[in-house]
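Asks: What would the 3D arrangement of this be:
(2 chains)
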Amino acid sequence: GAVVSQHPSWVICKSGTSVKIECRSLDFQATTMFWYRQFPKQSLMLMATSNEGSKATYEQGVEKDKFLINHASLTLSTLTVTSAHPEDSSFYICSANLAGRETQYFGPGTRLLVL
Amino acid sequence: AQTVTQSQPEMSVQEAETVTLSCTYDTSESDYYLFWYKQPPSRQMILVIRQEAYKQQNATENRFSVNFQKAAKSFSLKISDSQLGDAAMYFCAYRPLMEYGNKLVFGAGTILRVKS
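Replies: Model (predicted):
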């Protein structure tokens, strides 16, 4: 149980385009989902917390107009990187919390390369 | 603000031997959760073990156990009978009990290499 999927696993795009990454909880309802960014051999950096039916809460320094988050249902959150630039190239990971439970379950991540 | 410190950027262990990864944290809360996550080369984050701060007994999961010292704010991970598949980056994480949104605070990570 507690499986989280992400799609796509790999994406290459041209500078200036937008990219959407989906995060789904497959076998549970996630009241809260989280989006992280990770650079090689570094820790996870929390970008935002997403609650179903409400606006995401962004961490300090994360541009909300750049990284659009939508949590439309209890099993789906999306991250859209708008007008992507090479410096947005990174590994993006989502995680989800089962309501009332303490453990976060992580998706497999999405590698984004912006040319 | 809570912080998590992993002071060992890299560790090595011989196959079948035991290794301990250290983690310290800083908090003024009395109730919280602590976690160890493993991130192998696939980069999928995998929960290794979880500890509730109100429990004095150290958590154990098969070959993985923790040494939780609440007063010292220390939470080390011991891996016994190390296997090649244990090679990964290990992250220690803290979560307050009542924090809205259940945010995790991660340490910088420790790369564990397993030698055959």
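
Asks: what are the bridge partners for the closest residue to residue A:28 other than its chain neighbours, then?
Replies: Spatial nearest neighbour of residue A:28, chain neighbours left out: residue A:98 (5.0 Å); criterion: Cβ to Cβ, 6 or more residues apart in numbering or on different chains. In short, each C-beta sits where N, CA and C put it, glycine included. As for beta bridges, residue A:98 partners with residue A:30 under DSSP bridges.

Asks: So for residue A:98, what's the pLDDT?
Replies: pLDDT recorded at residue A:98 is 76.

Asks: got a list of what the most centrally placed residue in chain A touches?
Replies: For chain A, the residue sitting closest to the mean C-alpha position, by Cα atoms, centre = their mean, is residue A:35 at 3.6 Å. Neighbouring residues of residue A:35 by Cβ atoms under 8 Å, 6 or more residues apart in numbering or on different chains: A:23, A:46, A:47, A:48, A:50, A:67, A:69, A:77, A:79, A:92, A:93, A:94.

Asks: residue contacts, the residue of chain A found nearest chain B?
Replies: At 3.7 Å from chain B, residue A:106 is the closest residue in chain A, using Cβ to the nearest Cβ. Residues near residue A:106 by Cβ under 8 Å, 6+ apart: A:4, A:93, A:94, A:95, B:37, B:44, B:45, B:46.

Asks: let's see it at 7 Å
Replies: A:4, A:93, A:95, B:44, B:45 (Cβ atoms under 7 Å, 6 or more residues apart in numbering or on different chains).

Asks: and the residue lying closest to it once chain neighbours are set aside, how many neighbours?
Replies: Leaving aside its chain neighbours, residue A:106 sits nearest to residue B:45 (3.7 Å; criterion: Cβ to Cβ, 6+ apart). By the measure other Cβ atoms under 10 Å in any protein chain shown, the count of residues near residue B:45 is 27.

Asks: Quick one, grab the pLDDT at residue B:45.
Replies: pLDDT, read off for residue B:45, is 95.

Asks: Can you read off the backbone torsions of it?
Replies: phi -80, psi 130 (degrees, to the nearest 10).

Asks: Show the contacting residues for it.
Replies: The contact partners of residue B:45, taken as Cβ under 7 Å, 6+ apart, are A:93, A:106, B:37, B:39.

Asks: Residue A:61 is in contact with residue A:48, correct?
Replies: No. With contact defined as Cβ atoms under 7 Å, residue A:48 does not reach residue A:61; the gap is 11.2 Å.

Asks: returning to what we had before: and of the contacts of residue B:45, the nearest to residue B:30?
Replies: Closest approach between the contacts of residue B:45 and residue B:30, by Cβ to Cβ: residue B:37, at 23.5 Å.

Asks: Let me see the contact set for that closest one.
Replies: By Cβ under 7 Å, 6+ apart, residue B:37 lies in contact with B:45, B:46, B:47, B:48, B:91, B:93.

Asks: The helix or strand where the third one lies packs against which elements?
Replies: According to DSSP states H and E, residue B:47 maps onto strand B:46-52. Other helices and strands packing on strand B:46-52, by 3 or more Cβ pairs under 7 Å, 6 or more residues apart in numbering or on different chains; DSSP states H and E, are strand B:32-39, strand B:64-69.

Asks: Just say which of those is most tucked in.
Replies: strand B:32-39 (a mean of 22; mean count of other Cβ atoms under 10 Å in any protein chain shown).

Asks: Which neighbours in the sheet does that strand have, and how are they oriented?
Replies: strand B:46-52 (antiparallel), strand B:88-96 (antiparallel).

Asks: Could you list the low-confidence segments of the chain?
Replies: Picking chain A for this. Scanning chain A for pLDDT under 70 picks out A:1, A:99-100.

Asks: I was thinking of chain B, sorry if that wasn't clear
Replies: Where chain B drops to pLDDT under 70, the residues are B:98-101.
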